[in-house]
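**Q** Provided below are the primary sequence and the corresponding predicted coordinates.
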Amino acid sequence: MPNNSINMATSKIIYSGELRTNAVHVSSSNSIVTDAPIDNFGKGEAFSPTDLAATSLASCMLTVLGIYAQNNGINMIGSNAEVTKIMGSEDPRRIEEIKVELEILTQEVLDEKQMIILERVARTCPVSLSLHPDLKQNIQIKFSN
């Protein structure tokens, strides 16, 4: 796998005021706005930073599944995930649990071995492996045609 961390910045984030940031992806210029959540003094008008952390888990799962599917002739367009982020009540404030309901939609009928491999691919995505082990990852995977 290529190593793209050759001392190049990934993003630049600008604080816009009123607990809002604008993050710009350096190589593409795409941007993401974040806003503090309502329960933490914000307006809740955009993804919060912790929303992005939780969302990144599911996005990473779908991305690595897509790579596997593409390399193995599986059409999984339309596969999707629903994410629920649960904040802990302890100090310090942090994400306690991320629930991901992942639906892998395929045009092909998969055998049990393929489903086991796809599930393993999803559960071992780089974001999943990068999260602290105390953060509960509650992953539900459903296969559909």
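**A** Done, it's in. Numbers count the residues shown, from 1 in each chain.
**Q** what's the residue closest to the geometric middle of the protein?
**A** The geometric centre of the chain, computed from its C-alpha atoms, lies nearest to Ser56 (C-alpha atoms, centre = their mean), at 2.0 Å.
**Q** check which helix or strand covers that residue.
**A** Under the criterion DSSP states H and E, the helix or strand holding Ser56 is helix 49-71.
**Q** Kindly report the same for Leu118.
**A** Per DSSP H and E: Leu118 is located in helix 112-123.
**Q** Which strands or helices does the helix or strand just after the helix holding Ser56 pack on?
**A** Helices and strands here follow DSSP H and E; after helix 49-71, the next one along the chain is strand 80-87. Contact analysis of strand 80-87 by 3 or more C-beta pairs under 8 Å, 6 or more residues apart in numbering; DSSP states H and E lists helix 49-71, strand 95-105 as its packing neighbours. (Each C-beta comes from the backbone N, C-alpha and C, glycine too.)
**Q** That'll do, ta.
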